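>>> I would like the atomic coordinates for the input below:
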Amino acid sequence: MLLHAVLSRMIRHGSLTVLYPDGTRRLIQGASPGPDAGMAIRTRRAARRLITNPTLSMGESYMEGEIEPIDGSLYDLLDVIALNTADYNPPGEALMARVRWARRHLDQLNPASRSRRNVAHHYDLNGRLYSLFLDRDRQYSCAYFPTGEETLDEAQVLKKRHIASKLKLDRPDLEVLDIGCGWGGLALTLARDWGARVTGLTLSTEQLAEAQRRAAEAGLSDRVRFELMDYRDWRRPVDRVVSVGMFEHVGIDHYRTFFRTVRNALREDGVALIHSIGRSEGPYSTNPWLAKYIFPGGYSPALSEVLPVVEKSGLWATDIEILRLHYALTIAHWRRRFAANRDTIQSLYDERFCRMFEFYLAGSELAFRRYGHMNWQLQLTRKVDTLPLTRDWMWQAEAGAATREAAAADSSGGVLST
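Just a heads-up that it's a prediction; the model follows:
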């Protein structure tokens with residue numbers, strides 16, 4: 001059997017038990033220790049597609065019930081596969097990877113109209129879905145875990161504090177542009193806790209409505225406003241620019257436009273902070289299943305693709321921080337919350353949707369644990385002397401914010417600000 005020969009060559013760490021469509025059950029034992037898992041391949045079609053286009057068909061076959069995990073969970077199964085394909089591509093995948101590389105500029109061509117469609121595909125889903133697995137503030141990006149023991153809500157509060165500290169919000173009423181504002185949580189935090197005036201941009205009508213509602217409910221509509229606008233249409237200078245979890249949707253052919261927009265948006269003494277998923281092992285292409293079902297037009301870039309554009313933009317890269325396993329920890333929380341609310345989510349959509357999201361969350365977590373994904377935070381200025389000579393001021397700002405938030409929590413009964 002061709003598929004068994006391919007899998008036998010692929011599995012070098014741990015073991016994989018495979019139940020084939022004809023009822024044959026085979027154990028493939030790797031030469032070195034590792035996780036153990038199993039899968040049942042229910043149809044011959046699924047078996048054929050695993051040979052010709054495994055990265056796309058694995059997710060699709062799971063969504064359709066043609067592949068099922070056995071002797072463990074979906075995460076266990078994908079962990080074995082991820083570990084064994086991190087430095088080895090089966091023949092079918094090697095060919096498809098070359099095809100994806102050849103067309104990645106086309107796949108990531110994101111003019112404004114296409115960007116709006118891409119955003120609607122994922123972010124204009126039923127708003128209740130996100131409330132069922134995200135934190136209270138609906139932060140749909142990497143949290144910050146100083147110890148790894150924080151709760152999801154604590155880590156998302158710490159993420160916002162960490163980012164705000166890098167913006168040097170050292171005086172009241174600084175004007176901030178938030179590119180890709182999500183449901184408004186960071187913008188509201190910058191206004192409420194740091195005294196900023198914020199404009200948040202989104203292309204999602206669902207996010208816009210929720211962000212505006214939250215601003216009104218918090219009594220911050222005079223300090224925070226949200227607009228349905230593409231970042232390329234922004235024309236007014238501000239003191240600070242922040243963008244969290246949006247750069248992955250820009251597209252490699254638009255990086256020059258993005259950083260030119262950031263530079264033009266900053267006043268002469270302005271500061272920007274860009275937070276994005278990245279890859280540590282150099283440029284590649286987006287997982288085809290993820291691009292088709294979750295984030296069309298999306299791509300997580302290597303810094304080697306980003307920094308040359310920054311260098312030509314007239315901006316200074318004043319600080320770069322790499323967050324390695326923070327997103328893996330974040331998504332682990334999301335997976336547990338999704339599983340705990342699966343019945344409710346299924347009532348909103350259907351079984352196929354739940355399987356799609358389970359595959360997305362498990363695969364995304366493993367991208368950070370096995371495939372070299374990470375997050376980078378890039379601090380930028382227009383002038384070489386905008387910021388102090390050392391990085392101490394960032395940690396001091398963060399410590400000061402922690403003290404203020406602790407005092408606020410004490411006065412409100414121990415609840416951290418969100």
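
>>> next, give phi and psi for G200.
phi -100, psi 130 (degrees, to the nearest 10).

>>> ok, now S204?
Reported as degrees, to the nearest 10, the phi and psi values for S204 are phi -100, psi 120.

>>> then A340?
Summarising the backbone geometry of A340 under the convention degrees, to the nearest 10, its torsions are phi -70, psi -20.

>>> just name the shakiest helix or strand of this structure by mean pLDDT.
Counting by mean pLDDT, DSSP states H and E, the chain has its least confident helix or strand at helix 112-123, which shows a mean of 70.

>>> and the residue nearest the centre of the chain, what does it touch?
Computing the C-alpha centroid of the chain and ranking residues by Cα atoms, centre = their mean puts S141 first, at 5.2 Å. Taking Cβ atoms under 8 Å, 6 or more residues apart in numbering, we find S141 in contact with 159, 182, 244-245, 275. C-beta: built from backbone N, CA, C; applies to glycine.

>>> my read: T344 touches L132, true?
Yes. Using Cβ atoms under 8 Å, T344 and L132 qualify as a contacting pair, with a distance of 6.1 Å.

>>> which one of the two has more residues nearby?
Higher neighbour count among T344 and L132: L132, with 16 against 11, using other Cβ atoms under 10 Å.

>>> could you find the closest non-adjacent residue to that one?
The shortest distance from L132 to any residue other than its chain neighbours is 4.2 Å, reached at N341 (Cβ to Cβ, 6 or more residues apart in numbering).

>>> phi, psi of the one you found?
Reported as degrees, to the nearest 10, the phi and psi values for N341 are phi -110, psi 20.

>>> that one contacts Y130, correct?
No. Under the criterion of Cβ under 8 Å, N341 lies out of contact with Y130, with a separation of 11.0 Å.

>>> state the distance from the residue nearest to the centre of the chain to L325.
Distance of S141 to L325, computed by Cβ to Cβ, to the nearest Å: 15 Å.

>>> again, but for G184
Counting by Cβ to Cβ, the gap from G184 to L325 is 27 Å.

>>> of those two, who's got more company?
With other Cβ under 10 Å as the criterion, G184 and L325 differ in neighbour count, and G184 comes out ahead with 27 against 16.

>>> give me the domain ranges for the chain.
With automatic domain parsing serving as the domain definition, the record reports that the chain contains domains spanning 2-102, 112-411.

>>> just for this structure, where's the confidence low?
Per-residue confidence for the chain (pLDDT under 70) gives these ranges: 92, 101, 118-124, 412-418.

>>> longest strand in it, please.
Among the elements of type strand in the chain, defined by DSSP state E, the one spanning the most residues is strand 266-279.

>>> what's the offset of that one from the middle of its chain?
17 Å (Cα atoms, centre = their mean, to the nearest Å).

>>> so S243 belongs to a strand, correct?
Yes. The assignment for S243 is a strand, going by DSSP: H, G, I helix; E, B strand; the rest coil.

>>> re earlier: higher neighbour count, N341 and Y130?
When N341 and Y130 are compared on other Cβ under 10 Å, the one with more neighbours turns out to be Y130, at 19 against 16.

>>> quick one: the more buried one and R197, what's the gap?
26 Å.

>>> over to I252?
Distance of I252 to R197, given as Cβ to Cβ: 33 Å.

>>> equivalent analysis for T205, please.
From T205 over to R197 (counting by Cβ to Cβ), the distance is 24 Å.

>>> neighbour count: the two, which is higher?
Regarding T205 and R197, a neighbour count based on other Cβ under 10 Å identifies R197 as having more, with 19 against 14.
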